[in-house]
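Asker: Show me the folded form of this:
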Amino acid sequence: MALTNKQKAAFGIGAVGKDMVYALSSAYIMYYYQDILGLSASFVGLILMAARVFDAFNDPFMGIIVAKTNSRWGRFRPWLVTGTVLNAFVLYALFSAPDLKGVGLMVYFSVIYILWGVTYTMMDIPYWSMIPAITTTPADTENLSVIGRTCAGVGSALIQMGTMIMVGFLGRGSERQGFRMIALIVAVLFVIAEIICAVSVKERNTRMQTTSVGEMFRSLFANDQALIVVLSIVLINSALYLTSNLIIYFFKYDMGGESWKVSYTLFTTVGGASQILGMMIVYPLLRRKLSNIRIFRCALTAGIAGYAALLIFCLTGNSGNLPLLLVPGVMVFAANGILTVLTTVFLSNSVDYGEIKTGHREESVIFSMQTFVVKLASGVSVFAAGLGLDLIGLVGNTDETGPIAVQSASTLTGLRLLMTIIPTVLLIAAFIFFARKFRLSDEEVRKNSDLLAGRR
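Answerer: All right, here's what the predicted structure looks like:
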């Protein structure tokens with residue numbers, strides 16, 4: 001049964017809501033707790049990474065729980081709704097820290113952030129796991145992956161474009177109050193979006209053959225193509241998250257000036273729009289002529305070139321030239337948009353491959369790994385960002401009414417290197433690894449789909 005336009009739209013709305021939540025947490029959690037509340041950047045980064053280690057145990061088991069769910073509403077939708085409501089409450093608490101200092105604030109942040117990760121997992125795994133469970137052909141899988149990732153990009157872009165301006169407006173000069181109001185608005189929109197998705201998207205009655213936890217994990221690790229995609233996701237997302245966590249410091253302390261929030265908003269707006277265009281326009285155009293594997297390599301090359309150009313501009317005295325900086329920004333964000341779509345397509349295709357190879361269909365377990373590694377990439381990159389900020393000696397600006405803290409020349413140089421060199425190395429590693437190991441070509445995907453259709 002073909003998906004209706006209503007179902008496709010509902011799935012896309014769900015992606016907008018959930019990635020607004022994720023973008024708010026991943027892009028601003030370091031800034032909120034370090035620059036506004038005054039916690040050590042290294043401590044914040046350490047807790048974020050520790051939470052991801054905890055998710056190493058939580059996410060796959062959540063995938064198992066989802067896979068074994070059998071309710072009148074399906075396997076995925078009950079967890080989608082439950083996780084969404086819980087995560088909305090925790091998100092608000094995350095950006096509404098009480099007036100605590102020192103150890104008290106450290107404990108509060110640690111507990112609330114771990115809870116945020118657990119509840120986000122509850123809804124994110126079933127959301128992406130629905131793709132191979134509600135589609136029947138490679139074309140449908142690719143189409144829904146593009147819709148989901150494009151709309152996720154819209155949700156992320158909305159946060160990137162409007163957060164700092166809205167924080168100033170809603171907080172009336174208090175960034176702390178502004179983030180509290182932003183979190184409340186995003187939490188409400190999140191719940192509405194996922195309820196629309198859960199009500200409108202219907203699951204096929206797919207059969208889970210796995211009978212034990214051990215068997216499920218053996219099936220997962222037997223799927224070498226899924227694991228290759230997972231590692232590629234770690235490398236690619238780590239590069240982007242490192243930059244996204246540091247870019248706000250670059251605009252505040254390097255570019256500086258009273259209008260730094262306007263410059264930052266313009267840069268992230270153009271970047272977000274480029275990411276969406278990469279998903280919606282550039283990828284479909286390239287897809288008419290090129291295979292998915294070749295597009296993937298081209299996008300990685302463009303991202304590497306963008307970071308290289310950004311570094312050159314910063315080191316040649318052009319760090320304050322916003323129009324010039326937008327050029328590599330467009331390259332990096334557009335490339336990331338394409339890569340995000342393709343990793344989801346590749347992961348969905350690996351479900352069929354795994355079923356043929358092992359005899360078990362493991363949508364939830366495979367997509368639980370995507371959830372885990374995306375959060376792992378976020379945690380590792382934020383820890384690296386926090387550690388890097390302390391190592392280069394960046395001084396935060398916890399006094400909202402005072403002037404922006406002045407940083408040394410060595411600190412600014414270190415900041416520029418942090419947000420460009422490491423991401424470049426990560427993307428190069430992803431390119432080499434993927435080129436050597438991945439083999440699910442378009443032709444192979446079609447063969448796998450036809451084989452399974454014949455079996456059924």
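Asker: which residues touch residue 259?
Answerer: By C-beta atoms under 8 Å, 6 or more residues apart in numbering, residue 259 lies in contact with nothing. Using the backbone N, CA and C atoms, a C-beta is placed for each residue, glycine as well.
Asker: for it, phi and psi?
Answerer: phi -100, psi 20 (degrees, to the nearest 10).
Asker: so which helix or strand takes in the nearest residue to residue 330 once chain neighbours are set aside?
Answerer: Nearest non-adjacent residue to residue 330, counting by C-beta to C-beta, 6 or more residues apart in numbering: residue 274, 4.4 Å away. Using DSSP states H and E, residue 274 sits in helix 260-277.
Asker: tell me what that helix is packed against?
Answerer: Judged by 3 or more C-beta pairs under 8 Å, 6 or more residues apart in numbering; DSSP states H and E, helix 260-277 is in contact with helix 138-171, helix 224-249, helix 322-358.
Asker: how big is the angle separating the longest one from helix 138-171?
Answerer: When axes from the mean of the first three to the mean of the last three C-alpha atoms, to 10 degrees is applied, the directions of helix 322-358 and helix 138-171 differ by 140 degrees.
Asker: List the buried residues in helix 322-358.
Answerer: By 16 or more other C-beta atoms under 10 Å, the buried positions in helix 322-358 come out as 322, 325, 328-355, 358.
Asker: now the second one
Answerer: By neighbour count on 16+ other C-beta under 10 Å, the buried set for helix 224-249 is 225-249.
Asker: ok, back up a step: same list, the helices and strands packed on helix 260-277, but as a markdown table with mean pLDDT please.
Answerer: Output for the helices and strands packed on helix 260-277, formatted as a markdown table (pLDDT from 0 to 100):
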| stretch | mean pLDDT |
| --- | --- |
| helix 138-171 | 83 |
| helix 224-249 | 87 |
| helix 322-358 | 88 |
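Asker: where do the helices sit along the stretch 51-200 of the chain?
Answerer: 77-94, 102-134, 138-171, 175-200 (DSSP state H, counting those that start in this stretch).
Asker: Relative to residue 27, which of those helices is closest?
Answerer: When the helices of the stretch 51-200 of the chain are ranked by proximity to residue 27, the top entry is helix 138-171, at 6.6 Å, counting by C-beta to C-beta.
Asker: tell me the contacts of residue 169?
Answerer: Counting by C-beta under 8 Å, 6+ apart, residue 169 touches residue 178.
Asker: now do residue 307
Answerer: Contacts of residue 307 (C-beta under 8 Å, 6+ apart): 239, 243, 328, 332, 420, 423, 424, 427.
Asker: what about the closest residue to the fifth one other than its chain neighbours, is that helix, strand or coil?
Answerer: It stands for residue 420. Nearest-residue entry for residue 420: residue 311, 4.0 Å, with adjacent residues in sequence omitted and distances by C-beta to C-beta, 6+ apart. Under DSSP: H, G, I helix; E, B strand; the rest coil, the three-state class of residue 311 is helix.
Asker: which residues touch residue 311?
Answerer: Per C-beta under 8 Å, 6+ apart, neighbours of residue 311: 416, 417, 420, 421, 424.
Asker: Separate out the buried members of those.
Answerer: So, by 16+ other C-beta under 10 Å, the buried ones in the contacts of residue 311 are 416, 420, 424.
Asker: want to throw those residues into TSV with distance to residue 441, pLDDT and secondary structure?
Answerer: Listed next are those as TSV, based on distance: C-beta to C-beta, whole Å; pLDDT from 0 to 100; DSSP: H, G, I helix; E, B strand; the rest coil:
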residue	distance to residue 441	pLDDT	secondary structure
416	39	92	helix
420	33	92	coil
424	28	95	helix
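Asker: Dump these to TSV, plus distance to residue 281.
Answerer: Supplementary listing: those in TSV, determined by distance: C-beta to C-beta, whole Å:
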residue	distance to residue 281
416	31
420	27
424	26
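Asker: related to what we said a few turns ago, correct me, but the residue nearest to residue 330 touches residue 333?
Answerer: Yes. Counting by C-beta atoms under 8 Å, residue 274 does reach residue 333; the two are 4.2 Å apart.
Asker: Could you report the separation of the closest residue to residue 449 other than its chain neighbours from residue 376?
Answerer: In space, not counting the residues next to it along the chain, residue 449 is nearest to residue 138; the distance is 5.0 Å by C-beta to C-beta, 6+ apart. Going from residue 138 to residue 376 by C-beta to C-beta, to the nearest Å gives 28 Å.
Asker: Over to residue 203?
Answerer: In this view, residue 203 and residue 376 are 28 Å apart by C-beta to C-beta.
Asker: The two: which is more packed in?
Answerer: Neighbours per residue (other C-beta atoms under 10 Å) separate residue 203 from residue 376, with residue 376 holding more: 23 against 15.
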